[in-house]
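In: Give me coordinates for this.
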Amino acid sequence: MVFSSSKNNTFVDQTILYLMQRLEREGRAHHLSQRVDHRHNVHAPAKLGIADRDPNNLPVDFKPLYHAWITDISSSGVGMLLEHDLPHNVIMWLNLGSMIPEEHRPEQQQLLPIRIAYCMKLLPHTYRVGGAFVKDISSIPDKAWQHVIR
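Out: Residues are numbered from 1 along each chain as shown. Alright, predicted model coming up:
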């Protein structure tokens, strides 16, 4: 599910479009019957954390809290493996810098907000986490992540 109430393209939309086009060119897409969009199988490290927003709703002062391993990504969200349990519906920021080549990093936003859609324990210290991209940044309440770090 994509959380967007805005018709204008945001930096979230632009980054997702960039990643989807890049992965499509690499031929990593597969279509799952229960999903409307294509999922791309990836194996990439990422950091999940918290950030404040500047007056333009861009993330500032990113503080990584967890290391994650991205297993798949689509235009609506991302699947990851983490060593930590996360509460549902909390909004966090995902650093996708490892998926963006260095030469494109200056013009491409690397931090995207996600809403934790599910967290399922697979093994001791191993959780499957699904995150839905939050495309309307203005809908994110200030300090929406506070109860994660208590």
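
In: Could you point out the helix or strand that follows the helix or strand bottoming out on mean pLDDT in the chain?
Out: When each helix and strand of the chain is scored by mean pLDDT, DSSP states H and E, strand 29-31 comes last, with a mean of 51. Tracing the chain past strand 29-31, the next element assigned as helix or strand by DSSP states H and E is strand 38-53.

In: and that next one, average pLDDT?
Out: For strand 38-53, mean pLDDT rounds to 89.

In: And for stretch 74-82?
Out: 93.

In: Check what contacts that stretch and list those residues.
Out: 1-2, 16-17, 20, 35-40, 46, 48, 66-73, 94, 114, 117, 119, 122, 126-133 (Cβ atoms under 8 Å, 6 or more residues apart in numbering). No exception for glycine: its C-beta is placed from N, CA and C like everyone else's.

In: Throw together a PyMOL command that grabs the buried residues out of those residues.
Out: Only the buried entries of the contacts of stretch 74-82 go into this PyMOL selection, using 16 or more other Cβ atoms under 10 Å:
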select buried, resi 2+16+20+38+39+40+46+48+66+68+70+71+72+73+94+114+117+119+127+129+130+131+132+133
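
In: quick one, the host helix or strand of Y18 and strand 38-53 angle?
Out: Y18 belongs to helix 11-25 when assigned by DSSP H and E. For helix 11-25 against strand 38-53, the angle by axes from the mean of the first three to the mean of the last three Cα atoms, to 10 degrees is 150 degrees.

In: Check which residues of helix 11-25 are buried.
Out: Under the neighbour-count criterion of 16+ other Cβ under 10 Å, helix 11-25 has F11, V12, D13, T15, I16, Y18, L19, M20, L23 buried.

In: and what of stretch 76-88?
Out: Buried positions in stretch 76-88, judged by neighbour count with 16+ other Cβ under 10 Å: S76, G77, V78, G79, M80, L82, L86.
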